[in-house]
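S.K.: Need coordinates for the below:
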Amino acid sequence: MSFKITKAVIPAAGLGTRFLPATKAMPKEMLPVVDKPAIQYVVEEAVAAGLTDVLMITGRNKNALENHFDRVGELEATLLQKGDIERLRKVNYATDLAEVHYVRQGDPKGLGHAVLRARMHVGHEPFAVLLGDDIIDDRDVLLARMIEEQGLRNATIVALLEVDPSVVHMYGVATIEATETDDVVRVTGLVEKPTKENAPSNYAIIGRYVLQPEIFDILEHTKPGKGGEIQLTDALETLAANPSIAGGVYGVVFRGRRYDTGDRLDYIKAIVQLAVERDDLGPDLRPWLKEFAKDLK
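M.R.: Numbering: from 1, shown residues only. Now for the predicted structure:
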């Protein structure tokens, strides 16, 4: 049976230790990428793909996430009084994006455990999972393509990216077989963060998933894996190895623009890459960057 997917789950319970001290009092998901917090890009992507019901899996000290997507009456009244309609529009836009709900993860037992915490909200429907460290350029379609394939195949769909073999240890990596569709492969196996020598390919899972609800039963029985955490990749490996369960696993190979905000250097690169493409910033930023680069050694 095919369901219209309307629910997105966004795990956002991490401590953001790579960005300390900036994340001592502010969630890493609220770090600005140009002039919007990273989490807003992710919610906007979900909404653009037709997902209007968003559940964030949060932890302690994440109240700023709820505040960002809530009304701020005093601020709105001040902007209206000043006649600053453009900024008021931006503030209201974040508030009205989607129906956003929140549940705490509790114990930090890994991504698989965070996804499992969504079970009561999701129920028995397929759903999407979007990780906040990956921003997909809104000019390149990924999530909507994955949802389309899920509807056609009635299977779990993961996003795959070809990466340099030297960095496979940072990802879950797939064993794949070609299908009749150029950008779709069948996933026959998965391994979390393998060494370069043991990696089955250089097709890495990036932070977008469209999951069948059967994943919850599998996660319930998934033992802690890499890092002592319950790994979503391990649960997906069970599905991939048993395609009779909920249709198995397929991958959509993404060849568009992706910005990694989970690493400090890549975060800086993401800001620059996005800013140079903007009509309000790019015309001044691009010539400045060229001049600045001249003096670099």
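S.K.: the domain parsing of the protein - what is it?
M.R.: 7-262, 263-297 (automatic domain parsing).
S.K.: from the chain's centre, how far out does the shortest one sit?
M.R.: With Cα atoms, centre = their mean, to the nearest Å as the basis, domain 263-297 stands 24 Å off its chain's centre.
S.K.: Would you tell me what helix or strand the spatially most distant residue from the centre of the chain is located in?
M.R.: Computed with Cα atoms, centre = their mean, the residue of the chain farthest from its C-alpha average is residue 81, at 37.0 Å. Per DSSP states H and E, residue 81 falls inside helix 73-82.
S.K.: Output the contacting helices and strands for that helix.
M.R.: If contacts are counted by 3 or more Cβ pairs under 8 Å, 6 or more residues apart in numbering; DSSP states H and E, helix 73-82 sits against helix 85-96. Any C-beta I mention is one placed from the backbone N, CA and C, and that applies to glycine too.
S.K.: tell me which residues in the helix it packs on are buried?
M.R.: 88, 91, 94 (16 or more other Cβ atoms under 10 Å).
S.K.: follow-up on the earlier one: just the residues contacting the helix holding residue 81, thanks.
M.R.: With contact meaning Cβ atoms under 8 Å, 6 or more residues apart in numbering, helix 73-82 is reached by 85, 87-88, 91-92.
S.K.: So the one residue sitting closest to the centre of the chain versus residue 202, what's the distance?
M.R.: Centrality entry for the chain: nearest residue to the mean C-alpha point is residue 131, 2.4 Å, by Cα atoms, centre = their mean. Applying Cβ to Cβ, to the nearest Å, the value for residue 131 to residue 202 is 20 Å.
S.K.: Can you get me the centre-to-centre distance for stretch 151-158 and its chain?
M.R.: 18 Å.
S.K.: What's the separation between the residue nearest to the centre of the chain and residue 171?
M.R.: Taking Cβ to Cβ, one finds residue 131 at 12 Å from residue 171.
S.K.: swap in residue 58?
M.R.: 24 Å.
S.K.: quick one, the helix holding residue 81 and helix 85-96 angle?
M.R.: Helix 73-82 runs at 150 degrees relative to helix 85-96, counting by axes from the mean of the first three to the mean of the last three Cα atoms, to 10 degrees.
S.K.: Pull out the buried positions in helix 73-82.
M.R.: So helix 73-82, judged by 16+ other Cβ under 10 Å, has buried residues residue 79.
S.K.: if I pick the residue nearest to the centre of the chain, what's in contact with it?
M.R.: 10-11, 42, 111, 206-208.
S.K.: can you put the residues you listed in TSV and add pLDDT and neighbour count?
M.R.: Shown next, in TSV, are these (pLDDT from 0 to 100; neighbours: other Cβ atoms under 10 Å):
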residue	pLDDT	neighbour count
10	96	25
11	94	27
42	95	27
111	92	25
206	93	20
207	91	22
208	95	27
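S.K.: show me where the stretch 1-150 of the chain has helices.
M.R.: 38-48, 63-68, 73-82, 85-96, 111-116, 119-122, 143-153 (DSSP state H, counting those that start in this stretch).
S.K.: Make TSV out of these and add distance to residue 213.
M.R.: As requested, the helices of the stretch 1-150 of the chain are exported to TSV (distance: least, Cβ to Cβ, whole Å):
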stretch	distance to residue 213
helix 38-48	18
helix 63-68	25
helix 73-82	38
helix 85-96	29
helix 111-116	11
helix 119-122	7
helix 143-153	12
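S.K.: Which of those helices sits closest to residue 194?
M.R.: Checking the helices of the stretch 1-150 of the chain against residue 194 by Cβ to Cβ gives helix 111-116 as the closest, at 16.9 Å.
S.K.: Just give me the neighbour total for the spatially closest residue to residue 95 that is not a sequence neighbour.
M.R.: Closest residue to residue 95 apart from its sequence neighbours, by Cβ to Cβ, 6 or more residues apart in numbering: residue 71 at 5.5 Å. By the criterion of other Cβ atoms under 10 Å, residue 71 has 12 neighbours.
S.K.: Please look at residue 71 and residue 94 and confirm they touch.
M.R.: No - using Cβ atoms under 8 Å, residue 71 makes no contact with residue 94, being 10.1 Å away.
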